[in-house]
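*Asks:* Fold the following for me, if possible:
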Amino acid sequence: MGVFDKIRDVLGGTARLNVNERFEVLRAAVSGTMSKFYMARERATGDIYGLKIADREKVDLFENRFKGLKKPSEGEIAAQINHPLVVKTYEHGLTTDGIGYVLMEFVGGSVLQTLVYNKEPKIIGNRLKLVRQMAEAIAAVHKSGFIHRDVCPRNFICTDATASDLKLIDFGLTLPALRPFMQPGNRTGTPLYMAPEVIRRRWTDQRLDIFAFGVTAYHICTFELPWPVSETSGLAALDHDTKEPKDIFDLNVDLHRTLGKAIMRCIEPDVNKRTASMEVFLQQIRRVESELETK
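*Replies:* Just a heads-up that it's a prediction; the model follows:
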């Protein structure tokens, strides 16, 4: 990684990234929550990377919510989360146009959302493993002192053809898990997976990720969502504390009882009754895995 070391030294001063000079874009942009994502080849090395270029207007609107709080950028946040199930960030800064960028490993594979909505059969035998990997990735975010704030199938990539491994991506909405950043009113996220305290403008903490994770895990295990989908705007999240979710075992009678019950506790609308941490959830899942291994 000698090239990156040199680049970091340069970026410590005033130099900015000239995207076209350094990279050849190999794949058209994919629009994300706050940016556009490119598959790019570094001209000097031939290495392939993922390159995110921020949408200046979207980022400015988001950042304006936190004036005076010294909010870290997406790149600064992503660089602090080092885990094999989280996309690795190599570099971040500004382009010559003054736009934020993040350079990361390129993760090939399929977006989990596509596989789930297509009811991909390959997922069925890997459900427990995928749920556990999601939990480990989110736990790493929490241990690093952040709230992801947009946990959903769109932000996981299944990294192989068998749909048995995944990685967490996209920290565009991620915030420090500090009280000034958890005040009511920041209604960001994906509505179908959003915790009720977000839409209700209440104080939040890392447990909002646990709720979104629970909905995502439920979706993986049943190919359906816990609540009927008639609305995909923020109004959808209003159902999450006014209507009972469908029992997960009604949709998947073969689901391991411990796993199903653990997922249902994650989508408890009352934050004080919800699973307290991803580590608590992982303890339950590890027991399930141990039990299945001994059979």
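*Asks:* going forward, measure contacts between C-alpha atoms and count neighbours the same way
*Replies:* OK.
*Asks:* if I pick the closest residue to Gly109 other than its chain neighbours, what's in contact with it?
*Replies:* Leaving out its chain neighbours, the residue that sits closest to Gly109 by C-alpha to C-alpha, 6 or more residues apart in numbering is Thr159, at 4.5 Å. Counting by C-alpha atoms under 8 Å, 6 or more residues apart in numbering, Thr159 makes contact with 107-110, 165-167.
*Asks:* Let's see which of the residues you listed end up in strands.
*Replies:* 110, 166-167 (DSSP state E).
*Asks:* Show me where the stretch 1-150 of the chain has its helices.
*Replies:* For the stretch 1-150 of the chain, the helices defined by DSSP state H, counting those that start in this stretch cover 2-11, 19-22, 56-63, 74-79, 112-117, 127-143.
*Asks:* who wins for proximity to Thr96 among these?
*Replies:* Smallest distance to Thr96 across the helices of the stretch 1-150 of the chain (C-alpha to C-alpha): 7.9 Å, for helix 19-22.
*Asks:* Give the buried residues for that closest one.
*Replies:* Across helix 19-22, burial judged by 16 or more other C-alpha atoms under 10 Å covers Val19.
*Asks:* re earlier: let's see if you can find the most crowded of the ones in strands among the contacts of Thr159.
*Replies:* In terms of neighbours by other C-alpha atoms under 10 Å, those top out with Leu166 at 26 neighbours.
*Asks:* Which strand residues bridge that one?
*Replies:* Cys158 (DSSP bridges).
*Asks:* residues in contact with stretch 16-30?
*Replies:* Contacts for stretch 16-30 (C-alpha under 8 Å, 6+ apart): 36-44, 93-96, 98.
*Asks:* so where is the stretch 151-295 of the chain shaky, pLDDT-wise?
*Replies:* 231-234, 293-295 (pLDDT under 70).
*Asks:* where exactly do the helices run in it?
*Replies:* Using DSSP H, counting those that start in this stretch, the helices of the stretch 151-295 of the chain run over 196-199, 207-222, 248-251, 257-266, 278-293.
*Asks:* Grab the nearest non-local neighbour of Arg56.
*Replies:* Ile99 (6.5 Å).
*Asks:* quick one: contacts for that neighbour?
*Replies:* Ile99 touches 53-56, counting by C-alpha under 8 Å, 6+ apart.
*Asks:* Would you map out the domains in this protein?
*Replies:* By the assignment in automatic domain parsing, the chain contains the domains 2-105, 110-293.
*Asks:* okay, those, which one's buried deepest?
*Replies:* domain 110-293 (a mean of 19; mean count of other C-alpha atoms under 10 Å).
*Asks:* residues contacting the residue nearest to Val271 when sequence neighbours are not counted?
*Replies:* The spatially closest residue to Val271, leaving aside those adjacent along the chain, is Arg207, at 7.0 Å (C-alpha to C-alpha, 6+ apart). Arg207 sits next to 271, 274-277 when contact means C-alpha under 8 Å, 6+ apart.
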